[in-house]
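Participant: Predicted model follows, preceded by the sequence.
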Amino acid sequence: MMKEKFSPSLIERMESEERKEQLPPGRLLQALRIGNGMTVLDIGAGTGYFSFPAASLTSGQVVAADPQPEMIAYMQAKAKEGNLPQLRPVLASAERLPLQDRSVDRAIASLVLHVTDTVEQPIRELARVVKPGGLLFILEWLKKQDEARIPPPSRVEPQEMEEMLLRYGFKVIRLDYPTDRHYRMIAEREMEKGR
């Protein structure tokens, strides 16, 4: 479940040129090292902001999971228009992914974990589906000290996120700050012991 429901009326803002300048999806995804033939998962994919650039990097399947039918329809139409048959929009929540264990090479969680009921359940699901040695891309909001909204929006600080990832078998290999309001983490799924 989600703490907040994304409004389809925000699609224009999600796809704006200003946002693409601040958070250029292709450039941000470079750290994920998506290779040809890889399976990529994007949870809370929304408009496919990261799914579409990922699909241009692989002939493998890009599973764009989102819990809202409006977002699935939007991505299906855009994928058909862009002739991207490897992009597969799937109606699913981040807490319950319709994927087999260890079936994903790369995973993306962009600006979604802070709106889930608990951050832990999506992280647990990602640990289940990401292959050992696979990479996870997380983009999240930083907590603002001068936040004026009441109640303040939910945020997950980088240290808290890293601790949770470690509990579920991910090791953070990169942490950076693409803007003064966001952080990006790249975490590697650790190899299973005895394999």
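Facilitator: Yep, that arrived. Predicted model only: the values in this text are computed from it and were never measured.
Participant: can you map out the helices along the protein?
Facilitator: Per DSSP state H, the chain carries helices over the ranges 11-14, 17-22, 25-29, 51-55, 69-81, 120-129, 158-167.
Participant: Pull the number of nearby residues for Gly46.
Facilitator: Look at Gly46: counted by other C-beta atoms under 10 Å, it has 24 neighbours. All C-beta atoms are positioned from the backbone trio N, CA, C, and that covers glycine.
Participant: before we move on, the earlier item: okay, the helices of the chain, which one's buried deepest?
Facilitator: The highest mean neighbour count among those, using mean count of other C-beta atoms under 10 Å, belongs to helix 51-55: a mean of 24.
Participant: Pull out the buried residues from the longest strand along the chain.
Facilitator: For the chain, the longest strand by residue count, based on DSSP state E, is strand 130-141. Using 16 or more other C-beta atoms under 10 Å as the test for burial, strand 130-141 gives Val130, Lys131, Gly134, Leu135, Leu136, Phe137, Ile138, Leu139, Glu140, Trp141.
Participant: Might one say that the fifth one is in contact with Ala107?
Facilitator: Yes - at 4.8 Å, Leu136 counts as touching Ala107 under the criterion of C-beta atoms under 8 Å.
Participant: Okay, and the beta partners of the residue nearest the centre of the chain?
Facilitator: Most central residue of the chain, judged by C-alpha distance to the mean C-alpha position with C-alpha atoms, centre = their mean, is Ala109 at 1.7 Å. Counting by DSSP bridges, Ala109 is bridged to Ile43, Ile138.
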